[in-house]
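Student: Give the three-dimensional model of this entry:
(one chain, ligands or ions: 1)
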Amino acid sequence: MPRWSELTQASFEREARETKVAVMVTCSIEAHGNHLPLGTDMILPSFLAEKVAQRTKAMVLPPIPFGESWSFDVFKGTVSLRPETLLMVYRDVMKAVFRQGFKFIVALNGHGGNSTLLRQAAEEATEGHDGAVIIVNWWDDLAKSVRAEILETPDGHAGEDETSEVLAVRPDLVDMKAAKDARVRTSFRIVSASRREELLPRGIYGEPQSATAEKGKAIMERAEEELIQLVEQLEQGKLPISR
Ligand SMILES: [Zn+2]
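Tutor: A predicted model of the protein is given here:
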C-alpha cells in the first residue's frame with residue numbers, strides 16, 4: 001500500500017523501485033450548498049486514490065486540499081488559493097515527483113477550477129525529460145457511460161451527481177433535508193465579484209434532490225475500475241492513447 005506520506009526514506013526507496021506511477025490528488029475546499037461538506041472535492045478523489053493505493057503499486061501522494069475557488073469565495077467556509085499560488089504549488093510538486101524518478105504522474109483532479117492550472121504546471125514540469133502528466137478530471141473523464149445512463153439531470157455543482165457520490169462514500173456528512181435544487185441558467189459567461197451569490201445560490205448549480213446513494217455507488221465503482229485500468233496501463237509504460 002504505497003502511500004507516500006506513510007513511508008520511511010528506506011521503504012520509499014524500495015516501493016518507488018516497484019512503480020513508474022505517482023498519483024497526485026488535487027482538490028478544493030469550497031461551499032457545496034448546505035447539504036454537502038466543504039471538502040466534497042477532496043473526499044471523492046481521495047476515495048478513488050485510496051483504491052489505487054490498495055490495488056496497485058502506484059505511489060499515492062497526500063491530497064493538496066486547496067484549489068482555485070474564486071466563484072465560491074463569498075460563501076461560508078471556502079478557502080481559495082490565487083491561480084498564481086496554485087500554479088507554483090502544482091509545478092513544484094510535479095517537478096519534485098519527477099526528480100524522485102517517476103515517469104508518469106496521474107493528476108487525479110476533484111475540481112474544475114484547477115484544470116487549466118494543472119495543464120500549465122504540467123507543461124513546465126515535463127520540460128526536458130520524457131515524463132508525462134495525465135490529468136484526470138474524474139467527474140468528467142471517468143464513468144462516463146454510467147453517468148449518462150443513470151443521472152436524470154445535467155452536470156452541475158453540489159447537484160445530483162456529487163450529492164449521490166458523497167451519499168455513497170460518506171453518508172454521515174450529507175444532510176439531505178437541506179438539499180435544495182438551484183440552477184441559474186445563462187448562455188453566457190457572466191463574471192461579477194459582487195454577484196456571485198446571485199449566480200450560484202448557496203453555492204449550488206444542480207438538482208441535489210434527485211440524488212441517491214445507489215447512483216453514487218454505481219458511479220464510484222465504475223470510476224474506480226477505469227482509474228485502476230489507467231494506472232495498470234501506465235505501469236506497463238503505455239500512455240492511454242489509441243491510433
Ligand atoms: Zn465539487
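
Student: Please identify the residues of the protein in proximity to the ion?
Tutor: Thr40, Asp41 (CB under 5 Å from the ion). Any C-beta I mention is one placed from the backbone N, CA and C, and that applies to glycine too.

Student: closest point of the chain to the ion, which residue?
Tutor: Asp41 (4.1 Å; CB to the ion).

Student: Got phi/psi on the spatially most central residue of the chain?
Tutor: The centroid of the chain falls nearest to Gly110 when counting by CA atoms, centre = their mean (1.7 Å). Dihedral pair for Gly110: phi -100, psi 0, per degrees, to the nearest 10.

Student: in the chain, which spans are strands?
Tutor: 21-26, 59-60, 104-109, 132-137 (DSSP state E).

Student: Any chance of JSON lines for those strands, columns mean pLDDT?
Tutor: Formatted as JSON lines, the strands of the chain follow (pLDDT from 0 to 100):
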{"stretch": "strand 21-26", "mean pLDDT": "98"}
{"stretch": "strand 59-60", "mean pLDDT": "98"}
{"stretch": "strand 104-109", "mean pLDDT": "98"}
{"stretch": "strand 132-137", "mean pLDDT": "98"}
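
Student: Could you export those as JSON lines, including distance to Glu232?
Tutor: JSON lines is the format used below for the strands of the chain (distance: least, CB to CB, whole Å):
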{"stretch": "strand 21-26", "distance to Glu232": "9"}
{"stretch": "strand 59-60", "distance to Glu232": "14"}
{"stretch": "strand 104-109", "distance to Glu232": "11"}
{"stretch": "strand 132-137", "distance to Glu232": "13"}
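
Student: mind checking which of those strands is nearest Glu207?
Tutor: Glu207 sits nearest to strand 132-137 of all the strands of the chain, at 20.9 Å, using CB to CB.

Student: so what does the closest one touch, helix or strand wise?
Tutor: Here strand 132-137 touches strand 104-109, helix 115-125, helix 213-235, going by 3 or more CB pairs under 8 Å, 6 or more residues apart in numbering; DSSP states H and E.

Student: Mean neighbour count, the ones you listed: which tops it?
Tutor: When these are scored by mean count of other CB atoms under 10 Å, the highest mean neighbour count falls to strand 104-109 (a mean of 26).

Student: re the thing from before, give me the number of residues near the residue of the chain closest to the ion?
Tutor: For Asp41, the neighbour count with other CB atoms under 10 Å is 30.
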